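# Below: sequence and its predicted model.
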Amino acid sequence: MFAIGAGDRVVGDTTYCDYPPEAKNVAKVGDTLHPSLERIIALRPQVVLVSTASQLEVFTQQLQSQNIAVFVTDPHDLEGVFKSIEQIGRMLGQDQQAQALVKKLRERSNAVEQAVKQAKPVRVFYQVSAEPLYTAGRDAFVTDLMRRAGAISVTGEVPGAWPKYSNESALAAKPEAIILPTGGSMGTANASPAEALRNSPAVQAGRVCKINDDHLARPGPRAVDGLEEMARALHPEAFK
């Protein structure tokens, strides 16, 4: 909403909503898993934007019973992110701004894909957390980002978006590179490879890429920042 010029219409958001800086000044209604229905109702919104990743079906039903419209967005690839931006733009009367934003984002995405088109894809393990070990599966939009960045996710066919993964399977996958979404809102968490990956080809070759997790875990405009950072980390030769 902020990216398409509708930030002044955000009356409430979650404790995770920290970008742009103006989002920090909006009334907080709790986190994504434990939002306060009472606080939301008190803010009298016309619509609530919900990600199905939060699995808040009961919460959604409660909002609808209060005659508060609910818009659900759950993109599984970058094109889905673009579609969500355009849909929200239409809903808020910011159609032109949304289309202009998506046009720029798509141009940047296409430029990355063109740059790495001739490069040999890198087999990558995406580590969401080390202990317990979680990764990105088939339904995660970041799996599509990896493909566009010239990578093959070794867990790209695992069902689900963010599946738990066994140490044995991680070691057996023999990734050539490891992506650690860290920094950003995660701080220093997830800053080193899991124990099971310490002897992987990726670690032995020093191909451990630390990328701002806010650019990889949040399906918004900054996902293209994450795509660019990932592609440059995996294929630096393509961007000289």
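Cool, got the structure.
# Looking at this protein, which strand is longest?
Taking DSSP state E as the criterion, the chain has its longest strand at strand 122-129.
# Show residues contacting it.
Applying C-beta atoms under 8 Å, 6 or more residues apart in numbering, the contact partners of strand 122-129 are 133-136, 142-143, 146, 150-155, 162, 170, 173-181, 189-190, 193-194, 197, 200, 202, 207, 234-235. C-betas here are computed from N, CA, C, even on glycine.
# And these, which of them are buried?
With neighbours counted using 16 or more other C-beta atoms under 10 Å, the contacts of strand 122-129 contain these buried positions: 133-136, 142-143, 146, 150-151, 153-155, 162, 170, 173, 175-181, 190, 193-194, 197, 200, 202, 207, 234-235.
# what about the chain, any weak spots by pLDDT?
53-56 (pLDDT under 70).
# Can you show me the helices along it?
37-43, 57-65, 78-91, 95-115, 141-148, 167-173, 201-204, 214-217, 223-234 (DSSP state H).
# circling back to that earlier point, which members of the contacts of strand 122-129 are positioned in strands?
Short answer: the contacts of strand 122-129 in strands (DSSP E) are Y134, T135, A151, I152, S153, A177, I178, I179, L180, P181.
# Which strand residues bridge the last one?
Read it as P181. I211 (DSSP bridges).
# what about V81, how many neighbours?
25 (other C-beta atoms under 10 Å).
# Is it in contact with V142, as I believe?
No. Contact criterion C-beta atoms under 8 Å: V81 and V142 do not qualify, at 10.6 Å.
# tell me, what's touching those two both at once?
Common neighbours of V81 and V142 (C-beta under 8 Å, 6+ apart) do not exist.
# Outline the domain layout of this protein.
Listed domain ranges for the chain are 7-111, 119-239 (source: automatic domain parsing).
# tell me the most buried of those domains?
domain 119-239 (a mean of 19; mean count of other C-beta atoms under 10 Å).
# Between the two ends of that domain, what distance do you get?
Distance across domain 119-239, first residue to last, is 11 Å (C-alpha to C-alpha, to the nearest Å).
# now swap in stretch 177-186 and tell me
Termini of stretch 177-186 sit 21 Å apart (C-alpha to C-alpha).
# ok, now stretch 125-142?
12 Å.
# Could you do stretch 113-123 as well?
For stretch 113-123, the first and last residues are 17 Å from each other (C-alpha to C-alpha).
# So for N212, what's the nearest residue that isn't a sequence neighbour?
G184 (4.5 Å; C-beta to C-beta, 6 or more residues apart in numbering).
# Now do the contacts for the one you found.
G184 neighbours (C-beta under 8 Å, 6+ apart): N212, D213, D214, H215.
# which among those residues gets closest to S109?
H215 (13.2 Å; C-beta to C-beta).
# I'd say the closest one and A233 touch.
No. H215 is not in contact with A233 according to C-beta under 8 Å; the separation is 11.8 Å.
# ok so, going back, reformat the domains of the chain into TSV and put distance to M1 next to each item.
Shown next, in TSV, are those (distance: least, C-beta to C-beta, whole Å):
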stretch	distance to M1
domain 7-111	6
domain 119-239	10
